[in-house]
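Student: got a sequence here, can you build the structure:
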Amino acid sequence: MLKTLRTYLLLLFASTIFISCEKEMFDDPTPMYSMENVEWVLYSGRVYVENLDDGTQYYYNHFGPNKLESNLDIYGGSESTVDALNQHQTTWFISNGIFIYNSSVNYDYTEMGVGDKTKYTLIGVEPFGSSRTIIPVVVAENYITVELYESYESYEGVNYNYFSTLTFVRQGTSCLECENDVYDGYVYGGILNSVVDEPTVTESLNGTQWVITRYDEGMTPYYPNDTIDFISNVSYTINGGNWYNYSLSNIVGNNLLTLTLYECSTLGGNYSGEITEAGITSGTINNQTFNGIFDTQGNVKVWMEKIN
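Tutor: The predicted model follows:
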């Protein structure tokens, strides 16, 4: 009798496990909605900005009264078509490995994840063949909110980290309360006043070539003679290699400029230093201190000469 009872309990336990596993196996993991095969129209956008020097956090609206245009690169203005934002006009369409911007510009993409958790990475973004990763935050039947374009930049001597969230609505529909809640810890800073309208200083480097003739690390001098080519308002190459970001901005209250070189292979990291506009005009930067930023420690003395 005891043996029969044990056998019955074992069978009951096994059948319970089987039913549980069967239910899990046959639950449909497919989400209700997807970003794909829908014409999405840009409805609104925010940019979240953290001051890495003092820890303050603000968010700004990309659009507002009399401001219908913006850019994902808020401190330099990206030259990539897909980074330009026009409220109620910019459209996205995602399908079968092709991302279509404004019904006219196509990008290939890779994807990771399933359904409404799928992250899309655009590849071959002009002008330098870079990438853009689109992270879904909310995917509903008639609207989506995505997060994209996280960047670390230095502006006017201050280091920032920022990213944007964009909300799109399905073509032909409207949206009253579809914006996502503001992320915790960020204070409203108003409507974004993009720095893309102030490129005059940066243009003095755009299109120029320089040679890093020397840099001193401590008491040790190095003579790399590497050529740095400023190929746009925000990008540079070294010796014709991969492109990296830079920024050049005014320092309020004096006539100095802050030049920040991100991922500079010659110097070995991210460095930012103060230079003069006269130095840019004359084509000579001598013995200027560049301090490491973000994860780069220490500082170096730099010598550069313009060659064109």
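Student: give me the pLDDT for F18.
Tutor: Looking at F18, its pLDDT stands at 44.
Student: now T258: how far from Y155?
Tutor: Look at T258 and Y155: by CB to CB, to the nearest Å, they are 8 Å apart. C-beta coordinates here come from the backbone N, C-alpha and C atoms, glycine included.
Student: bridged to the residue nearest to Y48 when sequence neighbours are not counted, which residues?
Tutor: The shortest distance from Y48 to any non-neighbouring residue, by CB to CB, 6 or more residues apart in numbering, is to Y59 (4.8 Å). Taking DSSP bridges as the rule, Y59 bridges to Y48, Y188.
Student: where does this structure have its least confident helix or strand?
Tutor: Lowest on mean pLDDT, DSSP states H and E among the helices and strands of the chain sits helix 2-26, with a mean of 47.
Student: where in the protein is pLDDT low?
Tutor: The chain contains residues with pLDDT under 70 at 1-31, 194-203, 251-255.
Student: how is it divided into domains?
Tutor: Taking automatic domain parsing as the domain assignment, the ranges for the chain are 40-197, 202-306.
Student: CSV for the ones you listed, including mean neighbour count and distance to M32?
Tutor: Formatted as CSV, the domains of the chain follow (neighbours: other CB atoms under 10 Å; distance: least, CB to CB, whole Å):
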stretch, mean neighbour count, distance to M32
domain 40-197, 16, 8
domain 202-306, 17, 39
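Student: thinking again about what came up before, common neighbours of T258 and Y155, please.
Tutor: Counting by CB atoms under 8 Å, 6 or more residues apart in numbering, the shared contacts of T258 and Y155 are 247, 249.
Student: tell me how far the residue nearest to Y48 lies from N71.
Tutor: Distance, Y59 to N71, by CB to CB: 16 Å.
Student: does I144 really touch P136, like I thought?
Tutor: Yes. I144 is within contact range of P136, at 6.7 Å (criterion: CB atoms under 8 Å).
Student: who touches both of the two?
Tutor: M35.
Student: where does I280 fall, secondary structure wise?
Tutor: In this structure, I280 sits in helix 277-282 according to DSSP states H and E.
Student: try Y109
Tutor: If you go by DSSP H and E, Y109 is part of strand 105-112.
Student: just how off-centre is that strand within its chain?
Tutor: The chain centre lies 16 Å from the centre of strand 105-112; the measure is CA atoms, centre = their mean, to the nearest Å.
Student: what do you get for stretch 57-71?
Tutor: 17 Å.
Student: show me what that stretch is in contact with.
Tutor: Residues contacting stretch 57-71 (CB under 8 Å, 6+ apart): 44-51, 77-78, 83-89, 164, 166, 182-183, 185-192, 194, 196.
Student: okay, that stretch in PDB with CA atoms only?
Tutor: Output of stretch 57-71 as PDB, limited to C-alpha atoms (Å, rounded to 0.1, in the frame of the first residue of the first chain):
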ATOM      1  CA  GLN A  57      21.100  66.500 -14.800                       C
ATOM      2  CA  TYR A  58      18.700  68.400 -17.100                       C
ATOM      3  CA  TYR A  59      16.400  67.400 -19.900                       C
ATOM      4  CA  TYR A  60      15.400  69.700 -22.800                       C
ATOM      5  CA  ASN A  61      12.700  69.500 -25.500                       C
ATOM      6  CA  HIS A  62      14.000  69.200 -29.000                       C
ATOM      7  CA  PHE A  63      11.000  71.200 -30.200                       C
ATOM      8  CA  GLY A  64       8.800  74.100 -29.100                       C
ATOM      9  CA  PRO A  65       7.000  77.100 -30.400                       C
ATOM     10  CA  ASN A  66       8.700  78.400 -33.500                       C
ATOM     11  CA  LYS A  67      11.200  75.600 -33.300                       C
ATOM     12  CA  LEU A  68      10.500  72.600 -35.500                       C
ATOM     13  CA  GLU A  69      14.000  71.500 -36.300                       C
ATOM     14  CA  SER A  70      16.800  70.000 -34.200                       C
ATOM     15  CA  ASN A  71      19.700  67.600 -34.300                       C
END
